[in-house]
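Student: no sequence on this one, just coordinates:
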Ligand SMILES: Nc1ncnc2c1ncn2[C@@H]1O[C@H](COP(=O)(O)OP(=O)(O)OP(=O)(O)O)[C@@H](O)[C@H]1O
């Protein structure tokens, strides 16, 4: 895959020493990070550590009480929040959900739903969608704005493990096809996409940062999560170059969509990580053309290469 990171490009957004003060306390303080075009940055940290607050600083939903937040002029942001203020007792179709935040033409809606593989669900009621379909609808809505940066606050919530992998594949494909920057928040520390360029571990301040492999083996990360550390951060990696969309079509790594797999397509998924001390490998065929996908949880962070992490000196909360 061609390198998409444009390290020399100007950041789309950058936070420098940013802090938010509410009700007599600092929710976050001294937060530094930036997202460049094509870069995937993942925020992790315990509950209440300031991940959503930091993402809201980046998008401009919250203003910094100290420090700086700089955004590229006319930056277009696609935001998928952690929670939606939707009245779930009212019928709401996917098509209507798409237009709740911005006016979109019928063609734009179809194209956006098509790109995430749920065009066939345009008339379906949102209440009836599976967790993965719902997240795809939210992604489509955010992508319809043709954003420079996509901010995803826990994009895999309500999604099972194989759905999670499919969503991560889709996010990677979106990045590859559009070159947008991605700021991803992972609330459960369950899995960090291997495609993540930089993991920022928060605990009211930036605890440590680096590649997924580096953070998972850093002393600061271990200290923050204690003996759970080696069981919580699983780095998902794979050499799978295409994704099966819910409607049966195939989304390729270059962003193109076809009705069937190409003969030369790879067909292997692997997730490396440790979950609750278990070591197991399981495979499943869930396609009618007998694709074996295996998810390997066998190698924990200790098996990952150690790279440089940066320890952060910080303000106490
Ligand atoms: N508007 C607000 N006013 C006061 N406190 C707030 C506000 N928003 C968030 N907080 C508090 O700030 C802290 C950080 O919240 P935030 O939602 O950023 O955490 P998080 O890391 O995303 O947590 P989680 O993983 O539980 O979603 C929490 O203690 C939260 O209660």
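Tutor: That came through, no problem. Just so it is clear, the model here is predicted, and its values are computed rather than measured.

Student: name the nearest residue to residue 114, ignoring sequence neighbours.
Tutor: Sequence neighbours aside, residue 257 is the residue nearest to residue 114 in space, at 7.4 Å (criterion: C-beta to C-beta, 6 or more residues apart in numbering). (Glycine included, C-beta is placed from N, CA and C.)

Student: now residue 54, what's its secondary structure?
Tutor: With DSSP: H, G, I helix; E, B strand; the rest coil as the basis, the three-state label of residue 54 is helix.

Student: for the closest residue to it other than its chain neighbours, what are phi and psi?
Tutor: Of all residues not flanking residue 54 in the chain, residue 31 sits nearest, at 5.2 Å (C-beta to C-beta, 6+ apart). Note on residue 31: its backbone torsions stand at phi -90, psi 120 [degrees, to the nearest 10].

Student: what's the separation between residue 31 and residue 71?
Tutor: Relative to residue 71, residue 31 is positioned 15 Å away (C-beta to C-beta, to the nearest Å).

Student: correct me, but the residue nearest to residue 54 touches residue 13?
Tutor: No: Residue 31 is not in contact with residue 13 according to C-beta atoms under 8 Å; the separation is 11.9 Å.

Student: the two - which one has more neighbours?
Tutor: More crowded of residue 31 and residue 13, by other C-beta atoms under 10 Å: residue 31, with 27 against 24.

Student: how about the contacts made by the more buried one?
Tutor: Applying C-beta atoms under 8 Å, 6 or more residues apart in numbering, we find residue 31 in contact with 15, 17, 18, 19, 50, 54, 57, 67, 202, 205, 206.

Student: inside strands: which ones of those?
Tutor: Counting by DSSP state E, the contacts of residue 31 place 15, 17, 18, 19, 67, 202, 206 in strands.

Student: so what's the first one bridging to?
Tutor: Taking DSSP bridges, one obtains residue 33, residue 69 as the residues bridged to residue 15.

Student: i'd like the first residue to be 16 from this point on
Tutor: Okay, using 16 as the starting number, the last item reads as residue 30.

Student: show me what from this structure comes close to the ligand.
Tutor: 37, 38, 42, 60, 62, 63, 64, 65, 66, 67, 68, 202 (C-beta under 6 Å from any ligand atom).

Student: now name the helix or strand holding the third one.
Tutor: Under the criterion DSSP states H and E, the helix or strand holding residue 42 is strand 40-50.

Student: only the buried residues of that strand, if you could.
Tutor: Buried residues in strand 40-50, counting neighbours by 16 or more other C-beta atoms under 10 Å, are found at 41, 42, 43, 44, 45, 46, 47, 48, 49, 50.

Student: next: stretch 70-85.
Tutor: Those buried within stretch 70-85 under the rule 16+ other C-beta under 10 Å are 70, 71, 72, 73, 74, 77, 79, 82, 84.

Student: and the last one, what pLDDT?
Tutor: According to the per-residue confidence, residue 84 scores 97 in pLDDT.

Student: buried only: go through the contacts of residue 46 for me.
Tutor: Buried members of the contacts of residue 46, scored by 16+ other C-beta under 10 Å, are 30, 33, 34, 65, 69, 72, 82, 217, 220, 221.

Student: elements contacting whichever strand or helix holds residue 186?
Tutor: Per DSSP H and E, residue 186 falls inside helix 176-193. Helices and strands touching helix 176-193, by 3 or more C-beta pairs under 8 Å, 6 or more residues apart in numbering; DSSP states H and E, are strand 55-59, helix 146-158, strand 164-168, strand 196-200, strand 206-208, strand 257-259, strand 265-267, strand 307-311.

Student: elements contacting the first one?
Tutor: Here strand 55-59 touches strand 40-50, helix 66-74, helix 176-193, strand 196-200, strand 206-208, strand 213-217, going by 3+ C-beta pairs under 8 Å, 6+ apart.

Student: could you check the angle it makes with strand 213-217?
Tutor: Angle of strand 55-59 versus strand 213-217, following axes from the mean of the first three to the mean of the last three C-alpha atoms, to 10 degrees, is 20 degrees.

Student: kind regards, and thank you for your time.
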